[in-house]
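Enquirer: just need the structure, nothing else, for what follows:
(one chain, ligands or ions: 1)
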Amino acid sequence: MKDRFVPLTPRVGAKALLRRDDVLDPAFRDECLAALERYGVLLFPQIGLSDEEQVAFSKNLGEVIPQGRPRPDGTQEVVFKITLDPRENPSAEYLKATIDWHIDGLFEDGPPPKATMLSARRLSATGGQTEFCNTYAAYDDLPDKERKDYESLRIVHSLEASNRATNPNPTPEEQTRWRAAEARRERAGRIGKKAHPLVWHHRSGRKSLVLGMSVDHVVGVSEAESRALVEKLTAHATRRENVYRHEWEVGDILIWDNCGVMHRAIPYEPNSGRLMHRTVLHGVEAIVGVERTN
Ligand SMILES: [Fe+2]
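Expert: Here you go, the predicted model:
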C-alpha cells in the first residue's frame with residue numbers, strides 16, 4: 001500500500017495525507033501504529049476533531065489513561081487541558097515543566113505511557129511551538145566506544161529533579177508545596193524516584209536513550225561528572241538535525257511515540273490563551289532493568 005505519510009524532517013516526524021473519515025476509521029489502527037513506530041511523531045494537519053472524536057481515535061490505538069485531579073466521586077477526565085492559565089486548569093503550575101526536554105511518566109508507576117495525542121484549540125501569539133527529538137537516532141549516532149561505555153549506566157529520575165529543572169530557586173512556600181505533593185504521592189504508594197538504564201533495549205530490537213529533565217543523577221559517579229555527562233548526552237540528542245519543531249495551527253492533531261522521542265514546549269505566556277487538549281495512551285512496554293529507589 002502507498003505510504004500515506006510524508007516525512008517532516010529526515011530524522012523525526014511525518015505528516016498524514018488523510019481525510020478525517022480515514023483517521024476515524026477503526027481499520028486505520030495498524031497503519032497508524034506502524035507509522036508512529038517509524039516516524040516517532042505524526043501530524044494530522046487542521047483536522048479539527050471534537051473531544052469525543054479525539055477519544056475515539058485514541059481508543060482505537062490503545063488504552064486511554066485517566067488524567068488530572070480526581071473528581072469527588074473518584075472519576076477522572078480522559079481529555080486533559082494543557083494550559084498555563086490556572087483559571088482553566090488548577091494543575092497549570094505543574095505544566096510549566098513542559099518547557100524542558102522530557103519523556104512523560106519516567107518516575108511514575110508502570111511503564112512509560114506509549115503515546116500522547118495533542119489537539120490545538122487556541123494558540124499563543126508568540127512561542128508555544130512543540131519540539132521533538134528522536135531518542136533512537138540519538139543512540140544510533142553515538143560512536144561505538146560510547147555505546148559500549150553507556151551500556152551499563154543507570155540514571156535516577158525523580159519528581160524533585162523535574163521540579164528543580166523548572167524552578168532552580170524555589171521560594172520556601174514552593175518548597176513546602178513540593179514536599180506536600182511528594183508526601184501525598186508517598187501515602188498513595190506512588191513512586192517518586194526510579195533508576196533507569198540510560199540505554200533502553202526495546203522489544204523491537206531498537207535501542208534509545210532515556211534522558212530528560214527528570215534526571216536526578218547518574219549512579220556511581222560524582223555530582224560534577226554526572227552533570228557533565230547528562231549535559232553532553234542531552235546536547236547530542238537534541239542537536240538541530242535530530243529535532244522537529246511544530247508550528248501549530250488550530251485544529252492540528254499531533255501524536256508522538258513517548259518511548260522514542262523526547263519533547264518540550266517553547267515558552268509562552270500563561271495568559272496567552274494557548275490551549276491544547278491531551279489524551280494519553282497507556283504504556284505497553286516497561287523499560288527492562290528499571291528499579292524503584294524510594
Ligand atoms: Fe510532556
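Enquirer: please count neighbours and contacts with C-alpha atoms only from this point.
Expert: Fine.
Enquirer: go ahead and confirm residue 262 touches residue 135.
Expert: Yes: taking contacts as C-alpha atoms under 8 Å, residue 262 lies within contact range of residue 135: 6.7 Å.
Enquirer: neighbour-wise, which of the two wins?
Expert: residue 135 (30 against 26; other C-alpha atoms under 10 Å).
Enquirer: how close does the more buried one sit to residue 14?
Expert: As judged by C-alpha to C-alpha, to the nearest Å, residue 135 and residue 14 stand 16 Å apart.
Enquirer: what does residue 129 give?
Expert: For residue 129, the distance to residue 14 - C-alpha to C-alpha - is 16 Å.
Enquirer: looking at the two, which is more packed in?
Expert: Comparing residue 129 with residue 14 by other C-alpha under 10 Å, the one with more neighbours is residue 14, at 24 against 18.
Enquirer: how about the contacts made by that one?
Expert: By C-alpha atoms under 8 Å, 6 or more residues apart in numbering, residue 14 lies in contact with 5-8, 39, 41-43.
Enquirer: state the pLDDT value of residue 1.
Expert: We have a pLDDT of 60 for residue 1.
Enquirer: show me where the stretch 1-150 of the chain has its helices.
Expert: Counting by DSSP state H, counting those that start in this stretch, the stretch 1-150 of the chain has helices at residues 20-23, 29-39, 51-61, 135-140, 144-150.
Enquirer: tell me where the stretch 1-150 of the chain is predicted with low confidence.
Expert: Along the stretch 1-150 of the chain, the parts satisfying pLDDT under 70 run over 1.
Enquirer: three-state assignment of the spatially closest residue to residue 9 that is not a sequence neighbour?
Expert: Closest residue in space to residue 9, ignoring its immediate chain neighbours: residue 244 at 6.6 Å, by C-alpha to C-alpha, 6 or more residues apart in numbering. Here residue 244 is strand, with the state taken from DSSP: H, G, I helix; E, B strand; the rest coil.
Enquirer: picking up where we left off before, which of the contacts of residue 14 sits closest to residue 156?
Expert: For the contacts of residue 14, the residue nearest residue 156 by C-alpha to C-alpha is residue 41; the value is 26.4 Å.
Enquirer: what about that closest one, how many neighbours?
Expert: 28.
Enquirer: which residues does it form beta bridges with?
Expert: Beta-bridge partners recorded for residue 41 (DSSP bridges): residue 256.
Enquirer: wait, it touches residue 13, no?
Expert: Yes: contact criterion C-alpha under 8 Å: residue 41 and residue 13 qualify, at 4.4 Å.
Enquirer: residues contacting residue 274?
Expert: Counting by C-alpha under 8 Å, 6+ apart, residue 274 touches 83-84, 121-124, 128.
Enquirer: any idea how far residue 51 is from it?
Expert: 17 Å.
Enquirer: same question, residue 184
Expert: With the distance defined as C-alpha to C-alpha, residue 184 ends up 30 Å from residue 51.
Enquirer: and residue 84, how many residues sit next to it?
Expert: Residue 84: 24 neighbours (other C-alpha under 10 Å).
Enquirer: before we move on, the earlier item: format the contacts of residue 274 as JSON lines; extra columns: distance to residue 159.
Expert: As requested, those are exported to JSON lines (distance: C-alpha to C-alpha, whole Å):
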{"residue": "83", "distance to residue 159": "20"}
{"residue": "84", "distance to residue 159": "19"}
{"residue": "121", "distance to residue 159": "29"}
{"residue": "122", "distance to residue 159": "29"}
{"residue": "123", "distance to residue 159": "28"}
{"residue": "124", "distance to residue 159": "28"}
{"residue": "128", "distance to residue 159": "23"}
